[in-house]
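1. I'll drop the sequence and a predicted model, then ask my questions.
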Amino acid sequence: MIDLSALNLTEVEEQVVFSEEIPKASFAREKLLEEARKAIEAEGKDRKKEISLVVIGHVDAGKSTLMGRMLYELGRVDEKTRMANERGSNKAGKSSFSWAWSLDGTAEERERGITMDIALQSLSTLHRQITILDAPGHKDFIPNMISGASQADCALLVVDAAIGEFEAGFDRGGQTREHILLVRSLGVSQVIVAVNKLDQVQWSKSRYDEICDFLRPFLVQSGFYPSKTKFAPVAAMQGVNLVTMDQEAARELRQWYKGSTLADYLDQLEPPARDIYAPLRIPISNVFKGSSSGAAVSGRLCGGVVQVGESLRVLPGDEIATVKTIEVKEESVPWAVAGMNATLYLISVDPVHLNIGSVLCPPTNLVPLATTFTARIIVFDIQIPITSGASIELFHHSRDVPATVSNLIATLDRASGSIIKKKPRVLTKGTSAEVQVTLRTHSLSGPSVARPIPLESFSVNKDMGRILLRRGGETIGAGEA
């Protein structure tokens with residue numbers, strides 16, 4: 001005889017279902033806008049101005065090392081963590097990357113000694129609270145760099161002063177040139193250039209001047225005003241001129257450089273105007289599991305305000321999610337406003353419907369969806385002209401989709417925007433043009449109709465209207481819908 005009772009086949013266990021309590025919105029919309037306006041006005045008076053900074057530059061220019069050392073100098077990385085990173089990097093045979101380990105946190109990044117994804121950190125100067133987006137410099141990870149740059153207010157460009165290294169970063173195929181064009185195309189208007197590794201050229205003033213003289217005209221040509229461009233000579237590994245120039249190692253630099261430290265320049269960055277009265281738009285840049293139930297998404301608010309308890313539509317799709325909690329710089333807050341990089345913990349939504357590149361917006365004011373649109377673009381330094389029917393990759397925030405330049409409508413005067421020629425046959429480098437872009441399907445076996453993307457006219461919302469066009473691993477143009 002078999003004792004079936006031991007198998008618990010006869011007993012049905014009661015399932016306990018936990019229903020998540022949906023939080024209530026604390027503020028009426030007018031009250032919320034009033035609170036947000038007061039908080040923005042208080043920036044610079046009662047509290048530090050908040051700004052987000054993307055760190056860009058050619059692979060191995062020392063971006064992560066510079067920011068890791070900067071975090072340490074400003075007290076964001078303690079001595080215990082520094083020692084642990086030093087021991088770990090020595091053990092891995094990568095002692096020169098010990099400072100970079102503060103930002104390059106994954107095993108693969110540490111093993112390869114390169115940044116692959118966007119690393120998010122924050123630091124505080126005397127008058128600024130800065131969110132750091134450490135972007136990858138390697139050309140294979142440009143899509144991740146674009147995602148980071150689309151969330152930034154300002155840029156820190158790190159260049160390698162070593163003979164041959166700066167030139168390699170700036171020559172065709174180097175990432176210095178492409179990164180400058182990308183961040184400007186994505187709306188960044190302030191840039192600080194850190195001329196790194198000057199200790200490797202014996203603190204040569206002539207080498208520093210040569211690099212600055214080379215970069216200045218290119219930055220102006222790319223659309224950066226000279227008044228919003230700053231240069232600082234640094235040596236990240238030794239910590240020279242990051243926060244101070246008091247070190248013995250800075251003796252030679254002090255003889256000829258009388259300008260500000262890098263920290264002083266960061267402290268002077270001005271946050272752009274925040275449009276809190278615009279409709280709420282949150283492009284999702286990351287999706288991860290919430291600490292308890294539900295899912296969490298992060299992204300930068302491209303307009304409007306969001307509060308705990310608010311219901312949001314996820315586009316594309318017809319899902320509605322409720323905001324359970326909001327975090328800004330790892331602190332729980334009741335609301336967030338345009339320009340902030342925030343993490344939203346969502347309930348009442350299946351995480352399968354939350355995708356990188358989707359947009360959260362109010363159910364009463366939806367972001368438009370498009371599969372075909374017209375755009376004004378500037379063609380970059382390309383060798384093969386753009387023709388009608390050309391296949392491209394379209395980048396919009398953290399989303400990249402296959403598309404076609406389906407129609408060349410007209411070439412335009414870059415200064416006035418007036419039409420020079422209708423229906424041109426090709427677009428060559430440096431051309432400004434109006435084109436029609438049509439999305440393509442992702443696969444041959446999938447649906448024959450392309451999935452629309454959330455896209456707003458540039459005149460309505462600048463951040464939601466910027467696009468980038470890439471082909472064959474290089475950026476060929478940028479513009480606005």
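-> Yes, it's here. Only a predicted model underlies this, so the values are computations on that prediction, with no experimental measurement involved.
2. Contacts only, for Ser260.
-> By C-beta atoms under 8 Å, 6 or more residues apart in numbering, the contact set of Ser260 is 230, 232, 268. All C-beta atoms are positioned from the backbone trio N, CA, C, and that covers glycine.
3. Now tell me what touches whichever helix in the chain runs longest from outside.
-> Counting by DSSP state H, the longest helix found in the chain is helix 205-221. Outside helix 205-221, the residues that touch it by C-beta under 8 Å, 6+ apart are 159, 161, 163, 166, 170, 177, 180, 191, 193, 195, 198, 201, 226, 229, 231, 233, 256-257.
4. Please convert the buried members of the residues you listed into PyMOL selection syntax.
-> In PyMOL, this line selects whichever of the contacts of helix 205-221 come out buried by 16 or more other C-beta atoms under 10 Å:
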select buried, resi 159+161+166+170+177+180+191+193+195+198+201+229+231+233+257
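5. mind putting the contacts of Ser260 in TSV, secondary structure, pLDDT and distance to Arg471 included?
-> Putting those into TSV (DSSP: H, G, I helix; E, B strand; the rest coil; pLDDT from 0 to 100; distance: C-beta to C-beta, whole Å) gives the following:
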residue	secondary structure	pLDDT	distance to Arg471
Lys230	strand	95	33
Ala232	strand	93	35
Gln268	coil	93	38
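6. Just to be sure, which of the contacts of helix 205-221 are found in strands?
-> Among the contacts of helix 205-221, the ones falling in strands (DSSP state E) are 159, 191, 193, 195, 229, 231, 233.
7. Would you check how far apart the first one and Glu474 are?
-> For Val159, the distance to Glu474 (C-beta to C-beta, to the nearest Å) stands at 20 Å.
8. try the fifth one
-> Between Thr229 and Glu474 the distance is 25 Å, computed by C-beta to C-beta.
9. Kindly provide the whole-number mean pLDDT of stretch 59-79.
-> The average of the pLDDT scores along stretch 59-79 is 75.
10. Any regions of the stretch 251-400 of the chain where pLDDT drops low?
-> 290-293 (pLDDT under 70).
11. neighbours around the closest residue to Pro362 other than its chain neighbours, how many?
-> Leaving aside its sequence neighbours, Pro362 sits nearest to Leu280 (C-beta to C-beta, 6 or more residues apart in numbering; 5.4 Å). Per other C-beta atoms under 10 Å, the neighbour tally for Leu280 reads 23.
12. mind listing what Leu280 touches?
-> Counted by C-beta under 8 Å, 6+ apart, Leu280 has contacts 301, 303-306, 312, 360-362, 365.
13. let's see 10 Å
-> Leu280 is in contact with 301-307, 310, 312, 336-338, 359-362, 365, 367, counting by C-beta atoms under 10 Å, 6 or more residues apart in numbering.
14. any idea how far Met237 is from Lys63?
-> 13 Å.
15. Ok, Glu327 next?
-> Relative to Lys63, and taking C-beta to C-beta, Glu327 is found at 26 Å.
16. now do Ser147
-> Remark: distance between Ser147 and Lys63 (C-beta to C-beta) = 16 Å.
17. Compare those two (neighbour count), which wins?
-> Lys63 (29 against 26).
18. My read is that the more buried one contacts Gly148, right?
-> No: Lys63 is beyond contact range of Gly148, at 11.3 Å (criterion: C-beta atoms under 10 Å).
19. Okay, helices next: where are they in this protein?
-> Assigned by DSSP H, the helices in the chain fall at 29-42, 63-73, 79-91, 107-112, 142-149, 165-170, 175-185, 205-221, 251-256, 262-267, 462-465.
20. Please write out the alpha-carbon positions of the longest one in PDB.
-> Think helix 205-221. Presented in PDB, the C-alpha positions along helix 205-221 are these (Å, rounded to 0.1, in the frame of the first residue of the first chain):
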ATOM      1  CA  LYS A 205      52.500  74.500 -22.600                       C
ATOM      2  CA  SER A 206      53.000  74.300 -26.400                       C
ATOM      3  CA  ARG A 207      51.300  70.900 -26.600                       C
ATOM      4  CA  TYR A 208      48.400  72.200 -24.500                       C
ATOM      5  CA  ASP A 209      48.100  75.300 -26.700                       C
ATOM      6  CA  GLU A 210      48.300  73.200 -29.900                       C
ATOM      7  CA  ILE A 211      45.400  71.000 -28.800                       C
ATOM      8  CA  CYS A 212      43.300  74.000 -27.700                       C
ATOM      9  CA  ASP A 213      44.000  75.800 -31.000                       C
ATOM     10  CA  PHE A 214      43.000  72.700 -32.900                       C
ATOM     11  CA  LEU A 215      39.800  72.100 -31.000                       C
ATOM     12  CA  ARG A 216      38.400  75.700 -30.800                       C
ATOM     13  CA  PRO A 217      37.500  76.200 -34.400                       C
ATOM     14  CA  PHE A 218      35.900  72.700 -34.600                       C
ATOM     15  CA  LEU A 219      33.800  73.400 -31.500                       C
ATOM     16  CA  VAL A 220      32.600  76.700 -33.000                       C
ATOM     17  CA  GLN A 221      31.900  75.000 -36.400                       C
END
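21. Okay, now the unreliable bits of the stretch 101-250 of the chain?
-> 101-120, 134-141.
22. out of the helices of the chain, deepest packed?
-> helix 63-73 (a mean of 25; mean count of other C-beta atoms under 10 Å).
23. picking that back up, just send the helices of the chain back as CSV, with distance to Ala433 too.
-> Below are the helices of the chain laid out as CSV (distance: least, C-beta to C-beta, whole Å):
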stretch, distance to Ala433
helix 29-42, 38
helix 63-73, 33
helix 79-91, 48
helix 107-112, 39
helix 142-149, 21
helix 165-170, 26
helix 175-185, 15
helix 205-221, 18
helix 251-256, 46
helix 262-267, 36
helix 462-465, 17
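24. So for Ala415, which of those helices sits nearest?
-> Proximity to Ala415 (C-beta to C-beta) singles out helix 205-221 among the helices of the chain, at 13.8 Å.
25. any idea how far that closest one is from the chain center?
-> Its chain's C-alpha centre and that of helix 205-221 lie 25 Å apart, by C-alpha atoms, centre = their mean, to the nearest Å.
26. could you check the angle helix 175-185 makes with that helix?
-> Here the directions of helix 205-221 and helix 175-185 differ by 40 degrees (axes from the mean of the first three to the mean of the last three C-alpha atoms, to 10 degrees).
27. in the strand ranked longest in the chain, what's buried?
-> As assigned by DSSP E, the longest strand anywhere in the chain is strand 399-412. Using 16+ other C-beta under 10 Å as the burial criterion, the residues of strand 399-412 that qualify are 399-401, 403-405, 408-412.
28. Just the CA coordinates for it, please, in PDB.
-> The C-alpha coordinates for strand 399-412 follow below in PDB (Å, rounded to 0.1, in the frame of the first residue of the first chain):
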ATOM      1  CA  ARG A 399      15.600  53.900 -29.000                       C
ATOM      2  CA  ASP A 400      17.200  52.900 -32.300                       C
ATOM      3  CA  VAL A 401      15.100  51.600 -35.100                       C
ATOM      4  CA  PRO A 402      15.700  50.700 -38.800                       C
ATOM      5  CA  ALA A 403      14.500  53.300 -41.200                       C
ATOM      6  CA  THR A 404      14.700  54.600 -44.700                       C
ATOM      7  CA  VAL A 405      15.300  58.200 -46.000                       C
ATOM      8  CA  SER A 406      12.200  57.800 -48.200                       C
ATOM      9  CA  ASN A 407      12.200  61.200 -49.900                       C
ATOM     10  CA  LEU A 408      14.700  64.100 -50.300                       C
ATOM     11  CA  ILE A 409      12.300  67.100 -50.200                       C
ATOM     12  CA  ALA A 410      14.700  70.000 -50.500                       C
ATOM     13  CA  THR A 411      18.200  71.300 -49.600                       C
ATOM     14  CA  LEU A 412      18.100  74.400 -47.300                       C
END
